[in-house]
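1. Quick one: sequence plus predicted model below, questions after.
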Amino acid sequence: MNKKGINLIFLTALISGVSIFVNKLGVTGINPYIFTFGKNIIAMVFLFSMILLFKNFNQIKKLKRKEWIKLSVIGLLGGSIPFLLFFKGLSMTSGATAAFIHKTMFIYVVILASIFLKEKINKKILAGVFILMLGNLLLLKINNFAFNTGDLLVLVATLFWATENTISKYVLKTIPSKIVAFGRMSFGSLFILIFLVISGNVKNMVVLTTSEVLWIILTSGFLFLYVFTWYSGLKHVKVSLATSILLLGSPITTLLSISFLGTVITLTQLIGILLVPLGVLFVLKGYQPAKQIVLE
């Protein structure tokens, strides 16, 4: 396994856990579609600035028509449609249920990666998948599960993200990670803007308060760090392993809520917090190459 890639994905999980906590503090009352568009467009500007800073603009100029199509697909499947579906579904179901459905993304990635990318799955990985599912079930306090329309929208959004991550892993073989991240955010922003115009939500951008704009800028910084570290790490790590490690963000968010918001943790949640890293460990062990016996 590539240590640099693994470390970057662990960093992504940390950023994700903190980002979700910060988003919960600052986005209450903001139109979710405007919030998503604002974050995407500012993160895109950050990524483009980085490309210019490191003098990688020639890599964009060299992109062929087929590569632009691939980036537009990533933007459509990962940076626009699922966000719109997820936030609509979130308004129709509970936050805990939506979070749990979203956390099942790694299962679909494992299936897609094994079929289309030929990533091999063994017993240790399957055990890790089961432990991760159980850990998140306990952590998010899912006592009963009545599937409704909102849950369906969240599930479809999650399937879109799983598909996009699988495609991105394939595209990263030939396109640099910064360019893939930029393509996701730029095309994603374009598609969301089209949706805002058609739905009439675009007018809501002019009524944002100074406080809301500042929160959008802050959270877009986390989004920029997330996509940069994620695609940089994904280039060197199997996508099924990467999405499993990403689940470490859940206990990080919970621990931050306990530390800064005084949230009371239950014994069940504590067990869930312990199970998530255990599940990731099993998945990591499953991807470690078998030791070779050297005959002298």
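-> That came through, no problem. All of these numbers come straight from a predicted model, not from anything done at the bench.
2. so which strand or helix has residue 211?
-> Assigned by DSSP states H and E, residue 211 falls within helix 210-234.
3. ok, now residue 48?
-> helix 32-53.
4. That helix: how far from the chain's middle?
-> 16 Å (C-alpha atoms, centre = their mean, to the nearest Å).
5. buried sites along the one helix or strand in the chain whose mean pLDDT sits lowest?
-> Confidence across the helices and strands of the chain bottoms out at helix 95-103, with a mean of 83, counting by mean pLDDT, DSSP states H and E. Within helix 95-103, the residues that count as buried by 16 or more other C-beta atoms under 10 Å are 97-103. Glycine gets a C-beta too; all of them are placed from N, C-alpha and C.
6. Identify, from these, the entry nearest to residue 171.
-> residue 102 (22.7 Å; C-beta to C-beta).
7. The closest one and residue 154 touch, don't they?
-> Yes - using C-beta atoms under 8 Å, residue 102 is in contact with residue 154, at 6.5 Å.
8. same for the helix holding residue 48, what does it pack against?
-> In this structure, helix 32-53 packs against helix 57-61, helix 81-90, helix 177-199, helix 210-234, with contacts taken as 3 or more C-beta pairs under 8 Å, 6 or more residues apart in numbering; DSSP states H and E.
9. what's the closest of those helices to residue 37?
-> Of all these, helix 177-199 comes closest under C-beta to C-beta, at 4.7 Å.
10. now that closest one against helix 32-53, angle please.
-> 150 degrees (axes from the mean of the first three to the mean of the last three C-alpha atoms, to 10 degrees).
11. Check which helices and strands helix 177-199 sits against.
-> Counting by 3+ C-beta pairs under 8 Å, 6+ apart, helix 177-199 packs on helix 32-53, helix 57-61, helix 65-79, helix 81-90, helix 149-171, helix 210-234.
12. again, 7 Å this time
-> Packed against helix 177-199 by the contact rule (3 or more C-beta pairs under 7 Å, 6 or more residues apart in numbering; DSSP states H and E) you find helix 32-53, helix 65-79, helix 210-234.
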